[in-house]
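S.K.: with the input below, show me the fold.
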Amino acid sequence: MFETQILQRLAVLVVCHDFAVGQISSRYLLVQRPMSWFKAREFCQRHYVDLGVLSQEEQYFTLLNATATLNASFWLGLQRQSTSSDWKWVDGEELRYDDWHRRNYEGRCASLEAMLQKAKKLLARYCDESHMIVCQGPLSPQPVSVDSVGNNHVILSWNVSAFMQMTPHSYNVTTCTNTCDTLFYPYTDGCALMNINISNLSSATESFIEISALIVRPDSVTGGNVTLRSKPTALRVRTVDSGGQKNVLIVILKSLKLMSLAPPLWIVYRILKNSLFLREFKESDHDISLLELTTEDTTVDLRKTRGIG
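M.R.: Numbering: from 1, shown residues only. Alright, predicted model coming up:
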């Protein structure tokens, strides 16, 4: 218990927004107390989310800048796979950049060597060595898609990273127009997609929306809980004009009405067309009969004339 209290007090915020009592908004946290890689991961999973994941190289350089003045080695959430030489982060993603200080084919756990002068500071080490830790805080939803906009509501969605799928969490959604309202949406375990419906909005009005991921963790220092919050993702959405919606609905209804009249009109057209065809056919047949009779009569008359002569 005493060790855990010391670790909590030694936790240093690296990237932090809106720090408040009982609530921390952060991405990466440094714990300046040496321990093995496996103990480090257990600590991060209990008090934060997991060991630090730097899946993008820009995140790697952000952490380099934050640790530039520290003369220490920090465990990362990066480990060599047992059956290959490939390195993967603890969320399952592969290492996509090459910033190794030097190649070491024996160590299976990776550290960030902050004391080195060069930019390449990744180093493979034995997992039972004791080093300080980079812990991972909750991830903000990225990106957020606007799936539907009505005159009084919007439907938003975003992909939940594999990292956050492994962690029970919820989302804090603040919507501001003239005033601000905040709602909480719990995450359903195992879902790769999060959908929310924000209702009771005003027609033809722009709203400012912020979405943050929240994780509640036990705080051994105070005996209560501490809430970690991700950096918020912000967007603006404008609801549809209700009058415009009515006009669109009228056009659709008129179109449907015309479509409903199409079948009977087609039948009438076919009947009229068939009637005209029959009439033309009868008139044509009558003309042929008259022509045949006239020819026959002419032939008889010629024969009679020849007999008399």
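S.K.: buried ones in stretch 186-197?
M.R.: 187, 194, 196 (16 or more other C-beta atoms under 10 Å). Just so you know, the C-beta spots here come from the backbone N, C-alpha and C atoms, and that holds for glycine as well.
S.K.: please read the previous query as pertaining to stretch 64-83.
M.R.: Across stretch 64-83, burial judged by 16+ other C-beta under 10 Å covers 64, 66-67, 73-80.
S.K.: and after whatever helix or strand N65 lives in, which helix or strand comes next?
M.R.: According to DSSP states H and E, N65 maps onto helix 57-66. Sequence order places strand 73-80 as the next helix or strand after helix 57-66, per DSSP H and E.
S.K.: so which elements touch that following strand?
M.R.: Counting by 3 or more C-beta pairs under 8 Å, 6 or more residues apart in numbering; DSSP states H and E, the packing neighbours recorded for strand 73-80 are helix 37-47, strand 50-51, strand 87-89, strand 109-113, strand 122-125, strand 131-136.
S.K.: reformat the ones you listed as CSV; add mean neighbour count, mean pLDDT and distance to M164.
M.R.: Output for these, formatted as CSV (neighbours: other C-beta atoms under 10 Å; pLDDT from 0 to 100; distance: least, C-beta to C-beta, whole Å):
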stretch, mean neighbour count, mean pLDDT, distance to M164
helix 37-47, 19, 94, 13
strand 50-51, 23, 94, 10
strand 87-89, 19, 93, 13
strand 109-113, 24, 96, 22
strand 122-125, 20, 94, 24
strand 131-136, 24, 94, 10
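S.K.: tell me what angle the helix holding N65 forms with strand 73-80.
M.R.: If you take axes from the mean of the first three to the mean of the last three C-alpha atoms, to 10 degrees, helix 57-66 sits at 160 degrees to strand 73-80.
S.K.: give the buried residues for helix 57-66.
M.R.: Burial within helix 57-66, assessed by neighbour count using 16+ other C-beta under 10 Å, is assigned to 60, 62-64, 66.
S.K.: next one: stretch 87-101
M.R.: Going by neighbour count (16+ other C-beta under 10 Å), the buried part of stretch 87-101 is 87, 89-91, 95, 99, 101.
S.K.: pick out the most distant pair among those.
M.R.: Greatest spatial distance in these: D91 and H101, 23.4 Å, computed using C-beta to C-beta.
S.K.: so how far is L64 from Q117?
M.R.: 11 Å (C-beta to C-beta, to the nearest Å).
S.K.: now, which of the buried residues of helix 57-66 sits nearest H153?
M.R.: Using C-beta to C-beta as the measure, the one of these that approaches H153 most closely is T62, at 36.8 Å.
S.K.: can you get me a residue count around the spatially closest residue to D99 that is not a sequence neighbour?
M.R.: For D99, ignoring the flanking residues on the chain, the nearest one in space by C-beta to C-beta, 6 or more residues apart in numbering is K120 at 4.7 Å. Look at K120: counted by other C-beta atoms under 10 Å, it has 13 neighbours.
S.K.: for K120, helix, strand, or coil?
M.R.: Classification of K120 by DSSP: H, G, I helix; E, B strand; the rest coil places it in coil.
S.K.: which residues touch it?
M.R.: Residues in contact with K120, defined by C-beta atoms under 8 Å, 6 or more residues apart in numbering, are 99-101.
S.K.: nearest to N159, out of those: which one, please.
M.R.: Taking C-beta to C-beta as the measure, D99 is the one of those closest to N159, at 26.8 Å.
S.K.: please tabulate the buried residues of helix 57-66 in TSV, including the columns distance to V237 and pLDDT.
M.R.: Shown next, in TSV, are the buried residues of helix 57-66 (distance: C-beta to C-beta, whole Å; pLDDT from 0 to 100):
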residue	distance to V237	pLDDT
Y60	33	93
T62	29	89
L63	33	91
L64	36	90
A66	34	88
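S.K.: pick the one among the residues you listed closest to E42.
M.R.: L63 (21.2 Å).
S.K.: any idea how far that closest one lies from N178?
M.R.: Separation of L63 from N178 (C-beta to C-beta): 40 Å.
S.K.: before we move on, the earlier item: phi, psi for the residue nearest to D99 please.
M.R.: Backbone torsions of K120, given as degrees, to the nearest 10, read phi -90, psi 110.
S.K.: quick one, what contacts the closest residue to T67 other than its chain neighbours?
M.R.: Spatial nearest neighbour of T67, chain neighbours left out: A114 (4.0 Å); criterion: C-beta to C-beta, 6+ apart. Contact partners of A114, counting by C-beta under 8 Å, 6+ apart, are 64, 67-68, 70-74, 121.
S.K.: A114 and L122: what is the separation?
M.R.: Taking C-beta to C-beta, one finds A114 at 11 Å from L122.
S.K.: pretty sure V49 sits against S161.
M.R.: No. Shown here, V49 and S161 do not form a contact pair, counting by C-beta atoms under 8 Å, at 10.6 Å.
S.K.: remind me, longest strand of this protein?
M.R.: Counting residues, the longest strand found in the chain (DSSP state E) is strand 206-218.
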